[in-house]
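J.: I would like to see how this sequence folds:
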Amino acid sequence: MRSPVDLWVYLSTSPLIWLTLTLCTWIGASEVSRRLDRNPLVNPVLTSILLLSLVMTVFDIPYQQFFEGAQFVHFLLGPATVAIAVPLFRQWAQVKRLLLPIAAALFVGSFAAVSSVVVLGTLLGLSEDVVVSFLPKSATAGVAMAISASLGGSPSLTAVLVILTGIVGALIVTPFMNLMRVRDYAARGFAAGLTSHGIGTARAYEVDETAGLFAAIAMALNAVATSAVVPLAAAWIGR
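T.: Residues are numbered from 1 along each chain as shown. As a prediction, this is how the structure comes out:
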């Protein structure tokens, strides 16, 4: 049986060290979040990003070296993206009953997310490829990166914006909804999933099961809506 020292020597010379570190960091961050009653300021995603970035900075680890080991997690983005259709399928009867308000919220949310990028990009004088990379920021990462790549944007830049959007949304969704006096957890969850994709959905599940369910539905629907709206916006920008 190998000792912990032998295991460390093996991992330190293997790309698996970064996969192991990523998983351990996430488990630790999740435990801290649980012990602090899921306070949004200790969101596990944000905490994990900060800790891993600190390790890479302190030990001068190139991102490509880190990604060589952590790419196994990245590979799971594909199956995870497909799996977001599961809650939509399971709750289709409930979705049909609320089809009109869901459709209205989906249209307004998707339009606002895309049009705000176009307006700000124009005001700030951003280049077309940067704006295109920003456009799908409110969709889940797998879908957003694929859209960005197909339209000539930078998938890496898109991934950064997707994560930032999700983290900011997860941080402010609860206090913002309280401020707006939105008490319906279905509406709160749908808004979180629509604007903050997977990270917002995870936060919604922490708050309330109904909120989490509708957040997952919104995330799935917005992935489809973003796939349709963003190419139109990109074509308008490049006209």
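J.: thinking Ala225 is in contact with Ala113, fair?
T.: No - in this structure Ala225 lies outside contact range of Ala113 using Cβ atoms under 8 Å: 9.3 Å. For the C-beta atoms, the positions are set from N, CA and C on the backbone; glycine is no exception.
J.: hang on, Gly152 packs against Ser133?
T.: No - judged on Cβ under 8 Å, Gly152 makes no contact with Ser133 at a distance of 9.0 Å.
J.: okay, and the common contacts of these two?
T.: Contact criterion Cβ atoms under 8 Å, 6 or more residues apart in numbering; residues shared by Gly152 and Ser133: none found.
J.: which one is Trp18 nearest to, not counting chain neighbours?
T.: Using Cβ to Cβ, 6 or more residues apart in numbering and skipping the chain neighbours, the partner closest in space to Trp18 is Gly69 (3.2 Å).
J.: per-domain residue ranges of this structure.
T.: Domain assignment for the chain by automatic domain parsing gives 1-75, 77-239.
J.: circling back: looking at Gly152 and Ser133, which is more packed in?
T.: Taking neighbours as other Cβ atoms under 10 Å, Gly152 and Ser133 compare with Ser133 leading, 28 against 12.
J.: pretty sure the more buried one is touching Leu161, no?
T.: Yes - with contact defined as Cβ under 8 Å, Ser133 reaches Leu161; the gap is 7.1 Å.
J.: before we move on, which element is Ser138 in?
T.: Counting by DSSP states H and E, no helix or strand carries Ser138.
J.: The chain should start at 881 in everything you say after this.
T.: Will do, 881 is the new start, and the previous item becomes Ser1018.
J.: Can you check the pLDDT for it?
T.: Each residue has a pLDDT score; the one for Ser1018 is 88.
J.: burial measure for the closest residue in space to it that isn't next to it in sequence, as a count.
T.: In space, and not counting its chain neighbours, Ser1018 is closest to Ala993: 4.1 Å by Cβ to Cβ, 6+ apart. Neighbourhood size, Ala993 [other Cβ under 10 Å]: 23.
J.: what about Ala993, helix or strand, and which?
T.: helix 979-1004.
J.: Against which helices or strands is that helix packed?
T.: On a contact count with 3 or more Cβ pairs under 8 Å, 6 or more residues apart in numbering; DSSP states H and E, helix 979-1004 meets helix 1008-1014, helix 1065-1087, helix 1089-1117.
J.: The second one packs against which elements?
T.: It refers to helix 1065-1087. helix 979-1004, helix 1035-1059, helix 1089-1117.
J.: Mind listing what's buried along that helix?
T.: Judged by neighbour count (16 or more other Cβ atoms under 10 Å), helix 1065-1087 contains these buried residues: 1065-1087.
J.: okay, the angle between that helix and helix 1089-1117?
T.: Angle, helix 1065-1087 to helix 1089-1117, by axes from the mean of the first three to the mean of the last three Cα atoms, to 10 degrees: 110 degrees.
J.: Pull the contacting residues for Gly1001.
T.: Gly1001 makes contact with Val1010, Val1011, Phe1014, Ile1117, according to Cβ under 8 Å, 6+ apart.
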